[in-house]
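Peer 1: 3D model of this:
(one chain, ligands or ions: 3)
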Amino acid sequence: MNMPQPKNNSEIHPGFCRFINEEVLPLHAIDQTRFWRDLEQLMIDLAPINRQLLATRDALQQQIDQWHLAHKGQAMDIKAYDAFLREIGYIVTEGEDFSITTTNVDAEIASLAGPQLVVPVKNARFALNAANARWGSLYDAFYGTDVIPKTGELATGKGYNSIRGDQVISKAKAFLDDVFPLETGSHNDVTSYVVYYHHLLAFFDDGSQSGLKQPCQLVAVNGQRSEPEAILLKNNGLHVEIQFDRNGKNGAKDKANINDIVIESALSTIIDCEDSVAAVDAEDKIEVYRNWLGLMQGTLEASFEKDGQRQTRRMNPDRIFTDLDNQEYRVHGRSLLLVRNVGHLMECDLMQDALGNFVPEGIMDAVVTILIGALDLQRTEGMRNSRTGSIYVVKPKMHGPEEVAFSCELFRRVEEMLGLPENTVKIGIMDEERRTTVNLKECIRQAKSRVFFINTGFLDRTGDEIHTSMQAGAFLPKDQIKNQPWIQAYENRNVDIGLRCGLPGKAQIGKGMWAMPDDMAAMMTAKIAHPKAGANTAWVPSPTAATLHALHYHQVNVFEVQDRIKTREQASLTDLLTIPTIPSNLTLSNQVIDREIENNVQGLLGYVVRWVEAGVGCSKVPDINNIGLMEDRATLRISSQHLANWLLHGVCSKEQIDTVMQRMAHVVDEQNTATEGYRPMAPNTQNSFAFKAAQDLIFKGVIQANGYTEPLLHAYRLRVKEAN
Ligand SMILES: CC(=O)SCCNC(=O)CCNC(=O)[C@H](O)C(C)(C)COP(=O)(O)OP(=O)(O)OC[C@H]1O[C@@H](n2cnc3c(N)ncnc32)[C@H](O)[C@@H]1OP(=O)(O)O
Ligand SMILES: O=CC(=O)O
Ligand SMILES: [Mg+2]
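Peer 2: Numbers count the residues shown, from 1 in each chain. Ligands and ions are numbered 1, 2, ... in the order given. Modelled structure (predicted):
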């Protein structure tokens, strides 16, 4: 093996060195020695700036803490608070108006509106599923979820419930009536469909026929026009495929032989190296990078057993149809893949500098994920990701414009190092830290030639809301925090500023995650608010959720909404700065307090035990009402900070939390009895690294940098790995 020759005595982890030299660089025309030399130089130049940025965060936090302590017991004076934040440089002065200039952005980002799926990169089976989630069965989504109640005669069980099946079909056809209406009659009564010249003709029992109200919604067909295998319709830029099969499971029973209705679902997917992933050392990071490599090469495979059958999952090819002029009509078979790097906080053991310091993980992520992402740009056919020559990196947890500027400089340096044209690498700015929210316009300005999205990561943002104002007072219960003015102002302002900075047509304005993966009926009611708010995308936790959420973008034309609201008054900074602490005239009952603690502790333990013991970065954990919640590091940041805040302000005592933790350890152990290899926390909780991690997250929550959870999670996970 060729070892690198670092000129300043950096040390590269041997496994990482092998991975890059043997699996990645041979796919590039990049000289090995030069690569390692340039990487080392990049670290020498940028690591100190990275560390300085973290020191600035700490210094600002200290000043904010002191301000609140100095004003303890006084009514909040927002004007004075605002002035103070400007004085310390937390809020910067806004400059002239401008428009972003990002170019070469794929249609999924620039001109289409639809769901964005997120998936932990370390789980190859899920990641492949996510890549393929561009298309999803509407029949499966309706049948398998609670959008049709699962009670009484509609219950799901072992076999196929034909009563439920009938409901699925009529609900799906009602969707067709709504979005692709016929000139006369209902899709529910159609007995056959044919394509005649440029028209779709639907025939009824009585021999009558109808075309589509909007004939141009028909775009392509497969099979014979007189007896199509599939027809492809399009609305608001999104495709819907009606599949026919007279012998199919559903088609055989259906009047018109419709076997399924397939929805264009996850337009884009975030392949996540960050909060849904537990990657604590070189071994884990190589796994992360190797999966990203497989996705960019189109070679990733996962073999697994499902329903008693062995199967191998691979990436789907494009879907090919014939358009109405008999030309090939090709639609992308996979979601456009974006990669979320880690933030600026952590360091990693992939490389040590000459003094023995680990290097910033965010810098390493940028280099390796872009190096791998660049392989996609070499391809002109087959499994291509971007067709416009871009690599999309989502950068989380940046605090303010100077950190955005740093990320852009990092990407520019990586482009230079890899010989990529400037601005090949696009940046997704997560508006999920308070200092970014209050300076969003200036953050976007720093990235104006490469920004491809802004989005509201309201989960981290809530965690940061608590930590930043930790000393201001006790926060409201979690559910009530969501209903306070700050969050509406945050959500609206993000859209307002995105519109003013000219994002439409060039970049996405996105909204956050639906965190109740099993509660799809509720999602269908709630999440239409996202396109209605002018967001061209919003996060979903699963492919099924993507298929269902896609229906919202048929109902709402986001670009029309954006056009309508672009001149409205910008949401208020005063609301944004109004801290959601418990008002002085409100006393929480003991019952409310107990319940809040129990709920927080249950979710926290349920997530942490799987993270620390099994290295699972994203889990579905039942809350106190037994609703499965998606938990990741951002939700953990909220629950741990919330408990730390209540403890600090005496809403509860340490003994109270201790007691609940002991009790909940049993509950969580019980919930995991079927989990293979699970190591219970109770009764000897002090022998459990997971339990101790949870205690530290709460009891040392106030002193965690910005309330982040990764330093403690990593430390305890490493101890478990060492012990095994
Ligand atoms: C604040 C933030 O940062 S949010 C971003 C981070 N969050 C995420 O990335 C959420 C990703 N989602 C997930 O990891 C999962 O959906 C969880 C953990 C929430 C639930 O997982 P599970 O309990 O295993 O889901 P469940 O049993 O209901 O479904 C599993 C099936 O759905 C698929 N699936 C579930 N989530 C996803 C996903 N995000 N992408 C692709 N496939 C998925 C699985 O592949 C599996 O299907 P298969 O058996 O055919 O492979
Ligand atoms: O990353 C998303 C969030 O809500 O935090
Ligand atoms: Mg986040």
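
Peer 1: skipping its backbone neighbours, what lies nearest the residue sitting nearest the centre point of the chain in space?
Peer 2: The residue lying closest to the centre of the chain (C-alpha atoms, centre = their mean) is Val118, at 4.0 Å. Take Val118 and drop its neighbours on the chain: the residue closest to it by C-beta to C-beta, 6 or more residues apart in numbering is Ile270, 4.5 Å away. Every residue, glycine included, has its C-beta placed from N, CA and C.

Peer 1: does the one you found count as helix, strand or coil?
Peer 2: strand (DSSP: H, G, I helix; E, B strand; the rest coil).

Peer 1: pLDDT averaged over the host helix or strand of the residue nearest to the centre of the chain - what is it?
Peer 2: Using DSSP states H and E, Val118 sits within strand 116-120. Strand 116-120 shows a mean pLDDT of 98.

Peer 1: interface residues of this protein facing ligand 1?
Peer 2: 117-120, 125-126, 129-130, 272, 275-276, 306, 457, 459, 513, 517, 541-543, 618-620, 630, 632, 634 (C-beta under 6 Å from any ligand atom).

Peer 1: inside strands: which ones of those residues?
Peer 2: 117-120, 272, 306, 619-620, 630 (DSSP state E).

Peer 1: next SSE downstream of the helix of greatest length in the chain?
Peer 2: In the chain, taking DSSP state H as the definition, the longest helix is helix 32-70. Next in sequence after helix 32-70, counting helices and strands by DSSP H and E, comes helix 78-87.

Peer 1: just the buried residues of the next helix or strand along the chain from that following helix, please?
Peer 2: Once the chain leaves helix 78-87, the next helix or strand it forms, by DSSP H and E, is helix 107-110. Neighbour-count burial for helix 107-110, counted by 16 or more other C-beta atoms under 10 Å, picks out 108-110.

Peer 1: could you check the pLDDT of Gly157?
Peer 2: At Gly157, pLDDT is 88.

Peer 1: brain fart, Asn9
Peer 2: 75.

Peer 1: hmm, Ser170 is touching Asn188, no?
Peer 2: Yes: Ser170 is within contact range of Asn188, at 6.1 Å (criterion: C-beta atoms under 8 Å).

Peer 1: where does the prediction get shaky in this structure?
Peer 2: Within the chain, the segments meeting pLDDT under 70 span 1-8.

Peer 1: on that earlier part again, report the buried members of the residues of the chain next to ligand 1.
Peer 2: With burial judged by 16+ other C-beta under 10 Å, the buried subset of the residues of the chain next to ligand 1 is 117-120, 125-126, 129-130, 272, 275-276, 457, 459, 513, 517, 541-543, 618-620, 630, 632, 634.

Peer 1: ok, back up a step: contacts only, for the residue nearest to Val118.
Peer 2: 116-119, 338-340, 394, 539 (C-beta atoms under 8 Å, 6 or more residues apart in numbering).

Peer 1: now for those residues: which two are most distant?
Peer 2: Val339 and Trp539 (15.1 Å; C-beta to C-beta).

Peer 1: got the contact list for Gln116?
Peer 2: 266-270, 508, 510, 537-540.

Peer 1: who does it bridge with?
Peer 2: In this entry, Gln116 is beta-bridged to Ser268, Trp539, by DSSP bridges.

Peer 1: any idea how far ligand 2 is from it?
Peer 2: 11 Å (C-beta to the nearest ligand atom, to the nearest Å).

Peer 1: before we move on, what about Ala693?
Peer 2: Distance from Ala693 to ligand 2, by C-beta to the nearest ligand atom: 20 Å.

Peer 1: how about that residue, nearest residue that isn't a chain neighbour?
Peer 2: Among residues not flanking Ala693 along the chain, Tyr716 sits closest, at 3.8 Å (C-beta to C-beta, 6+ apart).

Peer 1: and the one you found, what element?
Peer 2: Secondary structure assignment for Tyr716, by DSSP H and E: helix 710-723.

Peer 1: that helix and ligand 3, are they touching?
Peer 2: No: with C-beta under 5 Å from the ion as the criterion, ligand 3 is not reached by helix 710-723; the gap is at least 11.5 Å.

Peer 1: surely the residue nearest to the centre of the chain and Asp272 touch.
Peer 2: Yes: between Val118 and Asp272 there is a contact under C-beta under 8 Å: 5.5 Å.

Peer 1: common neighbours of those two, please.
Peer 2: Counting by C-beta under 8 Å, 6+ apart, the common neighbours of Val118 and Asp272 are Arg340.

Peer 1: how's the protein carved up into domains?
Peer 2: Under the assignment automatic domain parsing, the domains of the chain span 83-112+268-313+333-511+556-577, 137-264, 590-723.

Peer 1: the ones you listed: which one's closest to Arg319?
Peer 2: The nearest among those, by C-beta to C-beta, is domain 83-112+268-313+333-511+556-577 at 5.3 Å.

Peer 1: how long is the closest one from one end to the other?
Peer 2: For domain 83-112+268-313+333-511+556-577, the separation between the terminal residues is 12 Å (C-alpha to C-alpha, to the nearest Å).

Peer 1: near ligand 3, anything from it?
Peer 2: Yes: using C-beta under 5 Å from the ion, domain 83-112+268-313+333-511+556-577 reaches ligand 3 at 432, 457, 460.

Peer 1: and Leu499, what element?
Peer 2: Going by DSSP H and E, Leu499 is in helix 485-500.
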